[in-house]
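S.K.: Let me see the structure of the following:
(one chain, ligands or ions: 1)
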Amino acid sequence: MFICNCNGVREKEIQKVIHNGVKTWEQILAHFDYEPCCGRCEDDINCMIEDHSLVSNSVSLEKIAAP
Ligand code: FES
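M.R.: A predicted model of the protein is given here:
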């Protein structure tokens, strides 16, 4: 599924970049040598970044709480 239709960037490609530590919409597009265009994908990509951050923090807390 395309998230950024202007640049033809797919959800799975974006997830890999987020997993590798890229944290902003602009940086993600720049990773693929693209620039922001219409901006319609910004909210979706920011949600993906936030979801990844929440999951990562949750996993970290589980490690801290483990005996
Ligand atoms: S859909 Fe991503 S910049 Fe337009």
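S.K.: which residues touch the helix-or-strand element of the chain with minimal mean pLDDT?
M.R.: Lowest mean confidence among the helices and strands of the chain (mean pLDDT, DSSP states H and E): helix 42-65, at a mean of 86. Helix 42-65 is contacted by residues Ile3, Cys4, Glu11, Ile14, Gln15, Ile18, His19, Lys23, Thr24, Trp25, Ile28, Pro36 when judged by CB atoms under 8 Å, 6 or more residues apart in numbering. Every C-beta, even on glycine, is put in place using the N, C-alpha and C of the backbone.
S.K.: And the furthest pair within the residues you listed?
M.R.: Greatest spatial distance in those: His19 and Pro36, 21.2 Å, computed using CB to CB.
S.K.: Looking at the two, which one has more neighbours?
M.R.: Pro36 (16 against 10; other CB atoms under 10 Å).
S.K.: related to what we said a few turns ago, next one: the least confident helix or strand of the chain, is it in contact with the ligand?
M.R.: No. Helix 42-65 stays clear of the ligand (CB under 6 Å from any ligand atom), getting no nearer than 7.2 Å.
S.K.: where does Ile3 fall, phi/psi-wise?
M.R.: As for Ile3, its main-chain torsions (degrees, to the nearest 10) stand at phi -100, psi -50.
S.K.: scratch that, Arg10 is what I was asking about
M.R.: The phi/psi pair for Arg10 (degrees, to the nearest 10) reads phi -90, psi 160.
S.K.: what about Val17, distance to the ligand?
M.R.: 14 Å (CB to the nearest ligand atom, to the nearest Å).
S.K.: isn't that residue right up against Ile28?
M.R.: Yes. Between Val17 and Ile28 there is a contact under CB atoms under 8 Å: 5.3 Å.
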